[in-house]
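[1] From the sequence below, what's the structure:
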Amino acid sequence: GDWVEVEGFLQGGGQIIAREIRVRKAPQAAEVEFKGHVEAILTQGYRIGGRAVVVTSTTWIDGPITVGTFVEVEGILQADGSVLARRIHVEEEEREIEFKGHVEEVRADGYRIAGRVVRVDANTRLDGPITAGAFVEVKGILQADGSIRAIRIHLEDRSGDDSGSLQKGEDGQREEDREGGEDRHEEDAHEDQHED
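    Predicted coordinates:
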């Protein structure tokens, strides 16, 4: 089981005539961690993110693994480029989403916005005071339970200027109609007097 370095002469049959053999300290194993999708199930493990991952009776597998599952792998890099897995953990693949809506409820852990539970943490960026009734844009990560871990909540400008302008225009139109009606009434009265 010793790790040795050999110097000698290579023979035709692949044998080496040793000139010197030195005992060396075994190099430390290279530990690796990476994430990826399971691309194939192999005889001795899996192909994950383009790498052959070897599993043994001591490999800890956390969760059911099938082709397409997104996992995190911890293990030892082998000389042939494969990874001897120490642990394979099934991960929830992050899905980033964006949407807009009204704040319906302020909760202890965040908000309910447009019917969705939006959770905030120390890393969430809040642009403006977020209160019930505010119209906001949410950017975050969809969680397994359907909630959203907010990356950013931005207060949108929904002051109602557009609806106000529309109302003003309608009022203006009704006022013009009234003025026009009065003018037409005066003209009709004048014509009646002229005929007499």
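[2] Enumerate the positions of stretch 83-95 that are buried.
    Across stretch 83-95, burial judged by 16 or more other Cβ atoms under 10 Å covers 83-86, 88. The C-beta positions use only the backbone N, C-alpha and C, and glycine is treated the same way.
[3] Out of the residues you listed, the closest to residue 7 would be?
    residue 84 (29.6 Å; Cβ to Cβ).
[4] Of all pairs in the buried residues of stretch 83-95, which one spans the longest distance?
    It's 84 and 88 that sit farthest apart of the buried residues of stretch 83-95, by Cβ to Cβ, at 11.5 Å.
[5] Tabulate the buried residues of stretch 83-95 (JSON lines), appending secondary structure.
    Putting the buried residues of stretch 83-95 into JSON lines (DSSP: H, G, I helix; E, B strand; the rest coil) gives the following:
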{"residue": "83", "secondary structure": "strand"}
{"residue": "84", "secondary structure": "strand"}
{"residue": "85", "secondary structure": "strand"}
{"residue": "86", "secondary structure": "strand"}
{"residue": "88", "secondary structure": "strand"}
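[6] Would you mind giving those residues as JSON lines with pLDDT added?
    JSON lines is the format used below for the buried residues of stretch 83-95 (pLDDT from 0 to 100):
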{"residue": "83", "pLDDT": "93"}
{"residue": "84", "pLDDT": "94"}
{"residue": "85", "pLDDT": "95"}
{"residue": "86", "pLDDT": "94"}
{"residue": "88", "pLDDT": "95"}
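[7] low pLDDT regions in the protein?
    Scanning the chain with the threshold set as pLDDT under 70 gives 1-4, 9-16, 24-29, 93-94, 144, 158-196.
[8] For it, just list every one of the helices.
    Secondary structure of the chain by DSSP state H: the helices cover 161-195.
[9] where along the chain do the strands fall?
    Here the chain has its strands, by DSSP state E, at 3-10, 16-24, 31-42, 45-48, 51-54, 60-62, 70-77, 83-90, 95-107, 110-113, 116-119, 125-127, 135-142, 148-155.
[10] and residue 65, what does it touch?
    Going by Cβ atoms under 8 Å, 6 or more residues apart in numbering, residue 65 touches 38, 46, 71, 88, 90.
[11] Please apply the same query to residue 53.
    Contacts for residue 53 were tallied using Cβ under 8 Å, 6+ apart; they are 45-47, 73, 75, 82-83, 85, 88.
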